[in-house]
Each structure stands twice: as structure tokens, then as C-alpha cells.
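Novice: After the sequence you'll find the predicted model.
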Amino acid sequence: MKKKQLKEIKNKTVEELEKLVMETETQLSKLKLEALNGKNKNKRLGKSLRKEIAQVKTIISARKNDDRKFINEKGK
């Protein structure tokens with residue numbers, strides 16, 4: 001994922017990010033099936049998809065943690 005794409009992703013809502021993760025995971029599973037059948041030999045694409053999923057999940061987790069911190073601070 002390029003830096004420009006990462007900046008765009010950071011501006012999305014959590015729901016949009018979760019949808020993006022599901023779509024990317026679907027792409028990855030299709031890629032794995034194609035690799036097993038010998039149709040796709042591009043191994044770099046799988047690695048980049050896994051990396052993208054991890055980056056988006058990290059952003060989601062950070063946002064959820066920030067929301068919890070904000071709620072806890074407000075309650076004090």
C-alpha cells in the first residue's frame with residue numbers, strides 16, 4: 001500500500017475500514033485458491049494483501065482504543 005492510499009484510508013470511518021478488510025480478505029482467499037490450482041503464480045500480491053489487511057486492522061484497533069480512552073476520561 002502506498003503512502004497516499006494509507007492517508008486516504010486513515011480518513012475513513014471504522015465501518016468503511018471493516019468493509020475494506022472483508023473485501024481484501026476475500027481477494028486473498030481467491031488468490032490462494034488460484035495459486036493452489038496453478039492459475040496464479042504472483043506470490044508478491046498475497047504478501048501485499050496480508051500487509052494491507054494488517055495495516056487497516058491496526059488503524060481500526062487504534063481508533064477503537066482512542067474511543068475507549070475518551071469515554072473513560074469523560075467518566076472521571
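Specialist: Nice, thanks for sending it over.
Novice: show me where pLDDT drops low in the protein?
Specialist: Residues of the chain meeting the criterion pLDDT under 70: 1, 68-76.
Novice: now do 50
Specialist: Within the chain, the stretches with pLDDT under 50 are 71.
Novice: By residue count, what's the longest helix in it?
Specialist: For the chain, the helix reaching the highest residue count under DSSP state H is reported as helix 43-75.
Novice: what packs against it?
Specialist: Contacts defined by 3 or more Cβ pairs under 8 Å, 6 or more residues apart in numbering; DSSP states H and E place helix 43-75 against helix 3-10, helix 14-37. All C-beta spots, glycine's among them, are computed from the backbone N, C-alpha and C.
Novice: please redo it, this time with the cut-off set to 6 Å
Specialist: Packing partners of helix 43-75 (3 or more Cβ pairs under 6 Å, 6 or more residues apart in numbering; DSSP states H and E): helix 14-37.
Novice: residues of the helix it packs on that come out buried?
Specialist: Counting neighbours by 16 or more other Cβ atoms under 10 Å, one finds that the buried residues in helix 14-37 are 17, 20-21, 24, 28, 31.
Novice: now the angle from that helix to helix 3-10?
Specialist: Per axes from the mean of the first three to the mean of the last three Cα atoms, to 10 degrees, the angle that helix 14-37 makes with helix 3-10 is 130 degrees.
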